[in-house]
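Chemist: Next comes the sequence, and after it the predicted model I'd like to discuss.
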Amino acid sequence: MTSALRAALLATAAAALVPPAAAAQERPPAGQPYSMDQIAEAVAADLNAAVLDRARTSCISFVVDATAERRLRAAGAEPDFTAALRDVCFRGTSLQVTTEPAGAEVWVQGRRVGTSPWTSPMPETRNLPVEVRLAGRYRRMTVNTVRDSLVALHFAMARDTVPLPAGPSEGELQALRAQARGFDARSRPVAPRPPTRGGGARSMILGGLAGAVAGVAAGTVACRRTVDVFITDTIGDVIFTTPNGTTQETNRGCVGFSIGGGTIAGGLAGNVFSTLTAGRRRRQYEQDVRLHAAALARWEEQRRATEALRREEERRAERARLARQNAEIAAANANLGAPRVTVERPARMPRAVMAESGR
């Protein structure tokens, strides 16, 4: 075969992936992924680049593991080709593991491969051991993967009960209720006002007012005087004045002086009284302070008891809720069903290698 003829044949094969005579064997139906046989035949025909481009669109249906690499090398594939094939999308035999609740460790064939939910390409295998572990509990089963299908496993995991918070006894609750009974947050005792010092303005004002009233009364009595009353007659040009008895009148100047003096005297008396009674007011204030301190201590004790009772009632309600939840968990754990296995159409995955994670 001449070199020109060989080049023409290779160009034709690259456009159609394989020669027309073998198209039915080497090219998958539209929308179907490439099998191992088809990729190996394309590699043997020296169509590595062409089949890799097509596989990136149509995907492959086998896992690129050690077995696949050995077969491809035997067909003439280079290491770069098999490395690139790992990053080709995958649609084929695969395994999916889910748990309720999620987050369980997934172990396949004794190796930790990830956490649920977990999905990965898998080679077609019989009696594949699968185990899930969560919070010290585990479940396991063996499963057969189905060619060109997704085998989905779902495990219902046993859950731990929730520890109940500690709380007071019924007697302690009764004591708190007795302490908090009748508490009113708005009735906080008001501190007494300290007394004014001797000679307070209030005492002077009150004393001055009392002195003014006394001055008016005293001036009205003490400042009256007797005045003669005369009748005046005129006869012609002569004026005659005739006595006509006497009358009483008040000397206003005297009354004013009496009021002023009474006001000053009353103010001074109030000041002196305030000074003299300051000790008694101080003793009364000290007694009021002691009574207020005792009342405030009782109010604070009731307030603390009320808050403690509220907290304990909330904890008690929470304990009851958790107890019901624990009963539901125990019932669910006692009725765990067998793992559920379903077989579905394979999903498209980004890589054709088994998904794994370190221990």
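Modeler: Thanks, I have the structure now.
Chemist: can you map out the strands along the chain?
Modeler: Assigned by DSSP state E, the strands in the chain fall at 94-100, 105-108, 111-115, 118-121, 128-134, 137-143, 150-156, 224-235, 238-250, 340-344.
Chemist: Quick check: mean pLDDT of the longest one?
Modeler: In this model, strand 238-250 has a mean pLDDT of 61.
Chemist: just the fourth one next, same as before
Modeler: Averaged across strand 118-121, pLDDT comes to 92.
Chemist: got the angle for the longest helix that the chain contains vs strand 137-143?
Modeler: Ranked by residue count under DSSP state H, the longest helix found in the chain is helix 252-334. Note on geometry: by axes from the mean of the first three to the mean of the last three Cα atoms, to 10 degrees, helix 252-334 and strand 137-143 are set 40 degrees apart in direction.
Chemist: just checking, what packs against helix 252-334?
Modeler: Helices and strands touching helix 252-334, by 3 or more Cβ pairs under 8 Å, 6 or more residues apart in numbering; DSSP states H and E, are helix 170-180, helix 201-222. In this view, the C-beta of every residue, glycine as well, is placed from N, C-alpha and C.
Chemist: which strands and helices sit next to the first one?
Modeler: Using 3+ Cβ pairs under 8 Å, 6+ apart as the contact definition, the elements that helix 170-180 packs against are helix 252-334.
Chemist: the inter-axis angle of the helix it packs on versus strand 150-156?
Modeler: 120 degrees.
Chemist: got the domain boundaries for the chain?
Modeler: 3-86, 94-158+336-344, 170-334 (automatic domain parsing).
Chemist: what about the closest residue to residue 301 other than its chain neighbours, neighbour count?
Modeler: Counting by Cβ to Cβ, 6 or more residues apart in numbering, residue 301 lies nearest to residue 179, which is 6.6 Å off, once chain neighbours are set aside. Under the neighbour criterion other Cβ atoms under 10 Å, residue 179 is assigned a count of 18.
Chemist: where does residue 179 land on pLDDT?
Modeler: At residue 179, pLDDT is 86.
Chemist: Enumerate every residue touching it.
Modeler: By Cβ atoms under 8 Å, 6 or more residues apart in numbering, the contact list for residue 179 reads 301-302, 305.
Chemist: what do you get for residue 316?
Modeler: 167, 173.
Chemist: hang on, the earlier thing: now the longest helix of the chain and helix 170-180, what's the angle there?
Modeler: Using the same axes, to 10 degrees: helix 252-334 against helix 170-180 is 160 degrees.
Chemist: Go through the helices and strands packed on helix 252-334 and find the least confident stretch.
Modeler: Among the helices and strands packed on helix 252-334, helix 201-222 scores lowest, with a mean of 64.
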